[in-house]
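Student: Just a sequence and a predicted model for now, questions to come.
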Amino acid sequence: MTSTVELPIWLFVLILLFAAVTAASHLLFPSVRWFFRRRMERAVSRLNQRLERPIEPFKLARRHDMIQRLMYHPDVTQAIVEHARKQGIPENVAFEEAKRYAREIVPSFSASAYFGIAIRLARFISQSLYRVRLAYFDEIGLQNIPKDSTVVFVMNHRSNMDYVLVTYLAAERSALAYAVGEWARVWPLSRLIKAMGAYFIRRTSRNALYRKVLARYVRLATDGGVTQAMFPEGGLSLDGAPREPKLGLLKYITDGFNPDVRDVVFVPVALNYDRVLEDRILLEALGRGGKGFRAKISVIAGFFLKHIWLRIRGRYHKFGYAAVSFGHPLSLAEFNKSTHIDMTEDLARELKHRIEDVVPVLPVPMVASIIEDAETPISRAAVEARFAGWVVKLNDAHIHLPRDDLSYATEVGLRMLIERRMIIKKNGCFAPNPEQTEALAFYANSIRHLLK
Ligand SMILES: CCCCCCCCCCCCCCCC(=O)SCCNC(=O)CCNC(=O)[C@H](O)C(C)(C)COP(=O)(O)OP(=O)(O)OC[C@H]1O[C@@H](n2cnc3c(N)ncnc32)[C@H](O)[C@@H]1OP(=O)(O)O
């Protein structure tokens with residue numbers, strides 16, 4: 001063993017390199033990974049002390065383990081066999097296909113990314129664009145949600161600001177795992193969204209294997225107590241009115257629901273705005289028969305650059321009020337006790353009802369509906385009088401009157417609608433701008449269901 005070996009330098013260097021890589025992968029990397037995991041666990045346990053709903057161990061599980069759990073679940077294994085038979089492909093090929101779906105769906109939550117970056121960014125963006133208000137908050141209902149239940153926030157979808165606002169407003173309570181459509185599955189956005197703990201879903205996928213993997217993941221996350229957030233409408237409202245709910249995710253949550261394991265509590269969330277950032281783009285899509293929501297990067301960049309320039313020149317105004325309501329929670333265990341022909345459908349209808357009930361009534365939507373309903377041009381005093389009338393009639397609804405001042409609220413509504421040329425002023429009276437009737441309707445439609 002003591003004899004010397006003569007080696008060419010390049011071979012000696014190669015041997016050294018292999019030794020270094022082996023040492024790193026077997027010694028250094030695992031200890032670095034252990035170090036960072038310990039650090040993350042300490043950070044999370046500190047976080048959990050202040051969160052109302054602590055981050056669940058399920059969410060912190062290693063992504064690889066979660067994918068394995070999904071892949072070897074009997075339901076998924078059976079779906080793989082069926083898929084292979086139907087497609088006439090070998091089972092290992094079907095297995096790899098299912099694994100691809102699992103990798104696409106399963107997030108890799110990072111508490112530091114969520115609480116360190118996203119929450120701060122969400123607060124900054126929300127407060128710099130809007131006067132953010134909490135319209136209605138069922139304090140007692142939310143406080144009485146059992147700690148061991150799984151909470152699912154179900155919300156209406158009016159703008160991409162929805163999840164920014166709700167993430168910011170729910171920050172003290174918990175980290176929300178959103179169900180995100182395929183539109184966001186572009187690198188690097190997809191990595192960021194997975195780090196937020198959100199999971200990707202495909203809409204209109206007719207692939208039974210994919211849907212089985214998705215259904216199983218939703219089941220695992222729900223049994224794991226993960227606080228979730230979803231938009232049952234399945235997409236942004238194009239005309240401003242609430243859309244019919246899609247049933248898939250709700251079905252995946254109710255299928256196999258066992259109240260003895262863990263209750264599921266749905267929290268209805270309703271959002272409304274004096275100005276929806278994407279309103280023109282949504283109306284364009286509506287004009288194209290709802291096909292394709294086209295938000296060009298150049299348009300978005302131009303929009304923000306214009307407002308940064310206005311801010312530099314001190315002429316920037318926020319986009320009015322943005323309000324969020326947290327409605328009366330629904331316990332699935334309780335809901336399950338009453339008889340249902342189609343539980344999922346009944347559940348979807350009840351949640352839609354609870355969301356719509358608490359949609360915040362803001363100055364612009366209210367003034368827009370008053371002017372849209374007026375047969376003839378209407379004076380400012382008449383607008384204010386009708387506004388006052390609705391405040392009385394809608395005693396259950398959540399009318400946000402800035403400064404608790406009806407006259408000021410009327411002023412805000414009229415000013416913003418004039419500035420955006422959705423209404424015109426002639427001889428002291430206000431009327432819809434004939435070229436902007438859809439835009440005016442877009443805001444009126446958000447509360448139309450309350451003005452019945
Ligand atoms: C800057 C700072 C930022 C800070 C921020 C931080 C965090 C930020 C994270 C990002 C956050 C982004 C947030 C994005 C927000 C969106 O992307 S919203 C759009 C995506 N979300 C959704 O679509 C949710 C609602 N959609 C669904 O539930 C849909 O059903 C699904 C699951 C997508 C599937 O849709 P689909 O393919 O059209 O199929 P669908 O006909 O609805 O039916 C599906 C299932 O429902 C069943 N079903 C249908 N009708 C019935 C019935 N009556 N009874 C029972 N079952 C039924 C069907 O049988 C089928 O079941 P399976 O055969 O699969 O078992």
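Tutor: Right, received. Where do you want to start? Numbering: from 1, shown residues only.
Student: Check the contact between E91 and A79; I expect there is one.
Tutor: No - using CB atoms under 8 Å, E91 is not in contact with A79, being 11.3 Å away. Every residue, glycine included, has its C-beta placed from N, CA and C.
Student: More neighbours: which of these two?
Tutor: Shown here are E91 and A79; by other CB atoms under 10 Å, A79 has more neighbours (21 against 13).
Student: who's in contact with that one?
Tutor: A98, A208, L209, K212, V213 (CB atoms under 8 Å, 6 or more residues apart in numbering).
Student: please redo it, this time with the cut-off set to 10 Å
Tutor: Neighbouring residues of A79 by CB atoms under 10 Å, 6 or more residues apart in numbering: H73, A94, A98, A208, L209, Y210, R211, K212, V213, A215, R216.
Student: ok, and of the residues you listed, which contact the ligand?
Tutor: Of the residues in the contacts of A79, proximity to the ligand by CB under 6 Å from any ligand atom holds for R211, A215.
Student: hmm, which of the contacts of A79 are the buried ones?
Tutor: Taking 16 or more other CB atoms under 10 Å as the criterion, what is buried in the contacts of A79 is H73, A94, A98, L209, Y210, R211, K212, V213, A215, R216.
Student: With adjacent residues omitted, what lies nearest to the fourth one?
Tutor: The one in question is L209. Spatially, and ignoring its direct neighbours in sequence, L209 is nearest to H83 (4.1 Å; CB to CB, 6 or more residues apart in numbering).
Student: wait, doesn't the one you found sit right on E91?
Tutor: Yes - with contact defined as CB atoms under 10 Å, H83 reaches E91; the gap is 8.8 Å.
Student: From R448, how far off is E419?
Tutor: For E419, the distance to R448 equals 23 Å [CB to CB, to the nearest Å].
Student: nope, F137 is what I was after
Tutor: For F137, the distance to R448 - CB to CB - is 24 Å.
Student: what is the mean pLDDT for stretch 334-342?
Tutor: Averaging pLDDT along stretch 334-342 yields 90.
Student: That stretch and the ligand, are they touching?
Tutor: Yes - using CB under 6 Å from any ligand atom, we find that stretch 334-342 touches the ligand at D342.
Student: Quick one: end-to-end length of that stretch, please.
Tutor: 16 Å (CA to CA, to the nearest Å).
Student: Now do it: everything it contacts.
Tutor: Here stretch 334-342 makes contact (CB under 10 Å, 6+ apart) with 247, 251, 254, 257-259, 263-266, 331, 343, 346-351.
Student: who does the longest strand belonging to the chain pair up with?
Tutor: Counting residues, the longest strand found in the chain (DSSP state E) is strand 264-273. If you go by DSSP bridges, strand 264-273 pairs up with strand 150-155 (parallel), strand 321-326 (antiparallel), strand 330-331 (antiparallel).
Student: packing partners for the helix or strand just after it?
Tutor: Per DSSP states H and E, strand 264-273 leads on to helix 279-287 as the next helix or strand towards the C-terminus. The contact analysis (3 or more CB pairs under 10 Å, 6 or more residues apart in numbering; DSSP states H and E) places helix 279-287 against helix 297-312, helix 437-448.
Student: Put together a markdown table for these, with distance to F115 on each row.
Tutor: Output for these, formatted as a markdown table (distance: least, CB to CB, whole Å):
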| stretch | distance to F115 |
| --- | --- |
| helix 297-312 | 25 |
| helix 437-448 | 31 |
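Student: Minimum distance to the ligand: which of those has it?
Tutor: helix 297-312 (12.3 Å; CB to the nearest ligand atom).
Student: who's in contact with that closest one?
Tutor: With CB under 10 Å, 6+ apart as the criterion, helix 297-312 contacts 128-129, 160, 277-278, 280-281, 295-296, 315-319.
Student: what residue ranges in the stretch 101-250 of the chain score low on pLDDT?
Tutor: Where the stretch 101-250 of the chain drops to pLDDT under 70, the residues are 172.
Student: For N48, give its distance to the ligand.
Tutor: Going from N48 to the ligand by CB to the nearest ligand atom, to the nearest Å gives 19 Å.
Student: Let me see the mean pLDDT of the strand or helix carrying that residue.
Tutor: Here N48 sits within helix 29-50, counting by DSSP H and E. For helix 29-50, the mean pLDDT works out to 77.
Student: Determine the set of other helices and strands touching that helix.
Tutor: helix 57-60, helix 111.
Student: still on that earlier bit, ok, the residue nearest to L209 - contacts?
Tutor: Contacts of H83 by CB under 10 Å, 6+ apart are I89, E91, V93, A94, F95, E97, A98, N207, A208, L209, Y210, K212.
Student: Tell me which entries of these lie within strands.
Tutor: Using DSSP E, none of these sit in strands.
Student: Show me the shaky parts of the stretch 301-450 of the chain.
Tutor: Where the stretch 301-450 of the chain drops to pLDDT under 70, the residues are 396.
Student: let's go with 90 and repeat that
Tutor: Within the stretch 301-450 of the chain, the stretches with pLDDT under 90 are 301-318, 339-342, 392-404.
Student: Tell me which residue of it lies closest to the ligand.
Tutor: Closest point on the stretch 301-450 of the chain to the ligand, by CB to the nearest ligand atom, is T344, at 3.7 Å.
Student: Give me the nearest residue to that residue, chain neighbours excluded.
Tutor: Here the residue nearest T344, using CB to CB, 6+ apart, is K251, at 4.6 Å.
Student: what about stretch 191-202, start to end distance?
Tutor: OK, stretch 191-202 end separation, CA to CA: 17 Å.
Student: check whether that stretch contacts the ligand.
Tutor: Yes - for stretch 191-202 and the ligand, the contact criterion (CB under 6 Å from any ligand atom) is met by I193, M196, A198, I201.
Student: Among the residues you listed, name the buried ones.
Tutor: So, by 16+ other CB under 10 Å, the buried ones in the residues of stretch 191-202 next to the ligand are I193, M196, A198, I201.
Student: and the helix or strand hosting the residue nearest to T344, what does it pack onto?
Tutor: Element membership for K251, per DSSP H and E: helix 248-254. Based on contacts counted as 3+ CB pairs under 10 Å, 6+ apart, the elements that helix 248-254 packs against are strand 150-155, strand 177-180, helix 208-223, strand 228-230, strand 264-273, helix 332-337, helix 343-357.
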